[in-house]
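**Student:** Pasting the sequence and the predicted coordinates here, then a few questions.
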Amino acid sequence: MTRDLVVIGAGGFGREVLDVVDAINASTDAAWSVRGVVDDAPSQENLERLAKRGVTYLGGSAEVLDSQPAAYVVGIGSPSVRTKVALSFDAAGWSAATLIHPTVTQGFDVTIGAGSVLCAGVRLTTNIRLGRHVHVNLNSTIGHDTTIEDFVSINPLASISGDCTIESGVLVGVAGIVLNGLRIGADSTVGGSACVVRDVPAETTVKGVPAR
Ligand SMILES: CC(C)(COP(=O)(O)OP(=O)(O)OC[C@H]1O[C@@H](n2cnc3c(N)ncnc32)[C@H](O)[C@@H]1OP(=O)(O)O)[C@@H](O)C(=O)NCCC(=O)NCCS
């Protein structure tokens, strides 16, 4: 069965989401039909990139929200922007799609919330909870008994160890490490290449090794 899908965001991650969709479609019969991409202010360059891959630009979210609802996924890396966009599509009766690249590996007892996107090479081990609209980017790993709450972005090559709690709206930068048993408070940011060695309070940015 083919389902209609709208991708929100013509930027870098939005188009990487299109790659995930292509990979899913190449590996399964339950394929997505991409209706097009929504973006409130796409650059000319990104419109040309969409045209080059034959994907329709549908317009801004206000116009698209008035059209026939379909499945949607938000391809926007910023947790706060993604939250706002997803809530508006949910309120209009659209349903969030979950996209898992075929090269992702999952252990026993993993749950993944609607709207989440798992990119190529992601590794999830066992007893893991991912909330809604979580992005787990290329080649990241998530260890046992970890909870990743809604609207978290985990950038490429990040490593979240076992027994961690990553609260809602957190961004873990590229190659960021969170050591086992730690909690990252809501809406915090872990810098690229940081190594987090103690709990991080909410709405805090930490960077470096050890992260401060
Ligand atoms: C940590 C981060 C959030 C800080 O952002 P910011 O507050 O705008 O930081 P600035 O660029 O103003 O830099 C402030 C200082 O922090 C340093 N710094 C910035 N990022 C750093 C990082 N990841 N690790 C160590 N130091 C960092 C800068 O060198 C600068 O130091 P200085 O004051 O001695 O010159 C950001 O740099 C980051 O790492 N974001 C993650 C981005 C990412 O994952 N990108 C990949 C997308 S796929």
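**Tutor:** Looks like it came in fine.
**Student:** Show me what the helix-or-strand element of the chain with minimal mean pLDDT is packed up against.
**Tutor:** Taking mean pLDDT, DSSP states H and E as the measure, the helix or strand of the chain with the lowest value is helix 61-65, at a mean of 94. Contacting helix 61-65 under the criterion 3 or more CB pairs under 8 Å, 6 or more residues apart in numbering; DSSP states H and E are the following elements: helix 79-91. All C-beta spots, glycine's among them, are computed from the backbone N, C-alpha and C.
**Student:** Other residues contacting the helix it packs on?
**Tutor:** Helix 79-91 has contacts (CB atoms under 8 Å, 6 or more residues apart in numbering) with 8, 61, 65, 72, 74, 76, 96, 115, 132-133, 135, 150-153, 168-171, 187.
**Student:** picking up where we left off before, for the least confident helix or strand of the chain, which positions count as buried?
**Tutor:** Applying a neighbour-count criterion of 16 or more other CB atoms under 10 Å, one finds 61, 64-65 buried in helix 61-65.
**Student:** Kindly reformat those as JSON lines containing distance to the ligand.
**Tutor:** Converted to JSON lines, the buried residues of helix 61-65 look like this (distance: CB to the nearest ligand atom, whole Å):
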{"residue": "S61", "distance to the ligand": "23"}
{"residue": "V64", "distance to the ligand": "26"}
{"residue": "L65", "distance to the ligand": "28"}
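**Student:** Tell me how this structure divides into domains.
**Tutor:** Following automatic domain parsing, the chain resolves into domains at 3-97, 98-207.
**Student:** Single out the most deeply packed of those.
**Tutor:** Neighbour counts (mean count of other CB atoms under 10 Å) averaged over each of those peak at domain 98-207, with a mean of 20.
**Student:** Report the distance from that one to the chain centre.
**Tutor:** 10 Å (CA atoms, centre = their mean, to the nearest Å).
**Student:** Let me know the average pLDDT across that domain.
**Tutor:** In this model, domain 98-207 has a mean pLDDT of 98.
**Student:** quick check, that domain touching the ligand?
**Tutor:** Yes. Domain 98-207 lies within reach of the ligand by CB under 6 Å from any ligand atom, at 155-156, 173-174, 189, 191-193, 205, 207.
**Student:** can you redo these as a markdown table with secondary structure?
**Tutor:** Output for the residues of domain 98-207 next to the ligand, formatted as a markdown table (DSSP: H, G, I helix; E, B strand; the rest coil):
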| residue | secondary structure |
| --- | --- |
| N155 | coil |
| P156 | coil |
| G173 | coil |
| V174 | coil |
| T189 | strand |
| G191 | coil |
| G192 | coil |
| S193 | coil |
| T205 | strand |
| K207 | coil |
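**Student:** So for the protein, the centremost residue is which one?
**Tutor:** H135 (1.9 Å; CA atoms, centre = their mean).
**Student:** So what sits opposite the residue nearest to that residue when sequence neighbours are not counted in the bridge?
**Tutor:** Take H135 and drop its neighbours on the chain: the residue closest to it by CB to CB, 6 or more residues apart in numbering is S153, 4.6 Å away. Counting by DSSP bridges, S153 forms beta bridges with H135, L171.
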